[in-house]
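[1] Got a predicted model here, sequence first, then my questions.
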Amino acid sequence: MSTVANVLSAKKNASLASLPPTATVRDGLQLMAERDVGAVLIMQGEVLLGIFTERDYARKIALKGLSSADALLADVMTARLYVVSPRQTVQECMGIMTQGRLRHLPVVDSGQVVGLVSIGDLVNAMLAEQRFLIAQLESYIAGGLR
């Protein structure tokens, strides 16, 4: 069974996209575009304060007619966070995401932010695990028919 640690080690771009709470929404959008990600962690030094996502932008800025250049991430970030440990399974994370209607989960180990997993990362991990199991079963069946 795959764990969050396995998912993080398989990610190509493992560097965290993060900004301080005093950055503007425009800064957050620009970083998301540069990194081709859908979320930015809001951190004060090493302390995780929140997350800013494309969904936050759509609901808290665009629909309310606020300015991306003026609004601060601290004012629009999601501060109620769900976090996971590197030891948790992909299936556990999918359950958390489904229940919380989330697309991103910060990964925290011993109080330290060590990564961020997206629903896409977890789906890819589940598909890889299923492909492996199917290949093993096919090999077993083919070996039994010889």
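    The structure has been received and is ready for your questions. Numbers count the residues shown, from 1 in each chain.

[2] Got the phi and psi for D27?
    For D27, the backbone dihedrals (degrees, to the nearest 10) come out as phi -60, psi -40.

[3] tell me which residues of stretch 114-129 are tucked away?
    Neighbour-count burial for stretch 114-129, counted by 16 or more other CB atoms under 10 Å, picks out V114, G115, L116, V117, S118, I119, D121, L122, A125. C-betas here are computed from N, CA, C, even on glycine.

[4] Looking at these, spot the one nearest F132.
    The shortest approach to F132 among these belongs to A125, at 10.8 Å (CB to CB).

[5] In this structure the closest one contacts S2, no?
    Yes. Here A125 reaches S2: they are 4.8 Å apart, a contact under CB atoms under 8 Å.

[6] Name the residues contacting each of those two.
    Common neighbours of A125 and S2 (criterion: CB atoms under 8 Å, 6 or more residues apart in numbering): V90.

[7] and the buried residues of stretch 114-129, which of them are in strands?
    Judged by DSSP state E, the buried residues of stretch 114-129 include V114, G115, L116, V117, S118 as members of strands.

[8] quick one: low-confidence ranges for this structure?
    For the chain, the stretches with pLDDT under 70 are 13-14, 144-146.

[9] Show me where it has its strands.
    Going by DSSP E, the chain shows strands at 18-19, 39-44, 47-53, 104-109, 112-118.

[10] What is the burial count for L41?
    Close neighbours of L41, defined as other CB atoms under 10 Å, add up to 20.

[11] Bridged to it, which residues?
    With DSSP bridges as the criterion, L41 is bridged to S18, I51.

[12] Just to check, it is in contact with P106?
    Yes. Shown here, L41 and P106 form a contact pair, counting by CB under 8 Å, at 6.1 Å.

[13] Common neighbours of those two, please.
    With CB under 8 Å, 6+ apart, L41 and P106 have common neighbours L48, I51, V113, L116.

[14] looking at it, the third one is touching L48, isn't it?
    Yes. With contacts counted by CB under 8 Å, V113 reaches L48, the gap being 5.1 Å.

[15] Overlap of the contact sets of these two?
    L41, P106.

[16] Kindly provide the distance from G120 to P86.
    Using CB to CB, to the nearest Å, G120 is found at 18 Å from P86.

[17] related to what we said a few turns ago, closest to N6 out of the strands of the chain?
    Going by CB to CB, the one of the strands of the chain nearest N6 is strand 112-118, 10.5 Å.
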